[in-house]
Structure formats: C-alpha cells, structure tokens
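Engineer: After the sequence you'll find the predicted model.
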Amino acid sequence: MTTQLGVLGALVLVTVVVGAFWRRRQGSVRTVPVRQGAAVDWAARGLDLGERATFVQLSAAVCAPCRATARVLRDLADREAGVEHHELDVEEHLDLVRDLGVLRTPTVLVLDGSGAHAARASGGMSPAQARRALDAALSGAERP
C-alpha cells in the first residue's frame, strides 16, 4: 500500500511538472536568425506582405487556439500601420508545413518588412505575446 501511494505521488508530481513546462511554452516567441528560415515565395502563395511586418499563421480547422490567436493577430495588425496578418490552413499547405517543420497549430511566423523570418511561436498567443513577436520583427528593421 505504501509503495502504491509513493508511485501515485511520483506520477502526480511528474504530471504537474510536465503540465507546467507545457503551459509555459504555450505561445512563447523565439527569435529566428534570418539564415535559418526556409526560403518561401510568399507572393506565389497569394500573400501580400506588410511594409513593416507580416504574421503568417498556420492553422487547422478544428483548432480552437487557432481561432483565438487569429483574432489577437488580426486586431494587432489592424492597429499597426504596415503590418499584415494571413492565416493558412495546414491541410492546404502540407509542403510548407513540412519545409518549415511545423509540428503543432497554431504556428505563427513573423516576417520582417523584407519577408525574412524574424520570429516564430507555437501554440495560442496572448496579446502581450503577439506584441513581443511583432517587436522582434521590427527591432532590426526600425532601429537607427
């Protein structure tokens, strides 16, 4: 009985630690060196890039965090001059998903004004996380 309680306690502890780690990584923004981004012809995919930055969101139809993230990014893009938001369905862009190593939805690529990858985030994004992602794209292009 004591051994079973010890095993149960250990499993609960592991579950809490894994859950906390997963929650912390949700929507976290990582800056991406330009040379690591896959070369993508966004115009060929029908995307007009923003003058300052562009959010490219890879989403799935059955993904609730994708819809919430789209609202957050759309609102931010509407408030910021020269910033665009485009949402792509992963099922319609499997080649892009494979080339970019997308493992979960939503995945958001943040492109700078030249179309180079500046940041990337996976999971649902809060307005604060979206702002940090945009700032990562703008930091190099708009610094004196």
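Structural biologist: Noted; the coordinates are in hand. Numbers count the residues shown, from 1 in each chain.
Engineer: Going by C-alpha atoms from here, please, whenever you check contacts or count neighbours.
Structural biologist: OK.
Engineer: Low-confidence stretches in this protein?
Structural biologist: 17-38, 140-144 (pLDDT under 70).
Engineer: Could you pull out the helices in it for me?
Structural biologist: Ranges of helices within the chain are 2-25, 64-79, 94-100, 127-142, based on DSSP state H.
Engineer: Just the buried residues of the last one, please?
Structural biologist: With burial defined by 16 or more other CA atoms under 10 Å, the residues of helix 127-142 counted as buried are 129-138.
Engineer: Out of the helices of the chain, which gets nearest to Gly46?
Structural biologist: helix 94-100 (13.5 Å; CA to CA).
Engineer: Dump that closest one to PDB, restricted to CA.
Structural biologist: Coordinates of the C-alpha atoms in helix 94-100 are reproduced here as PDB (Å, rounded to 0.1, in the frame of the first residue of the first chain):
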ATOM      1  CA  LEU A  94       1.300  20.500 -46.500                       C
ATOM      2  CA  ASP A  95       4.500  21.200 -48.400                       C
ATOM      3  CA  LEU A  96       5.000  24.400 -46.400                       C
ATOM      4  CA  VAL A  97       4.300  22.700 -43.100                       C
ATOM      5  CA  ARG A  98       6.900  20.100 -43.900                       C
ATOM      6  CA  ASP A  99       9.500  22.600 -45.200                       C
ATOM      7  CA  LEU A 100       9.100  24.800 -42.100                       C
END
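Engineer: How far off centre is that helix?
Structural biologist: Offset of helix 94-100 from its chain centre (CA atoms, centre = their mean, to the nearest Å): 15 Å.
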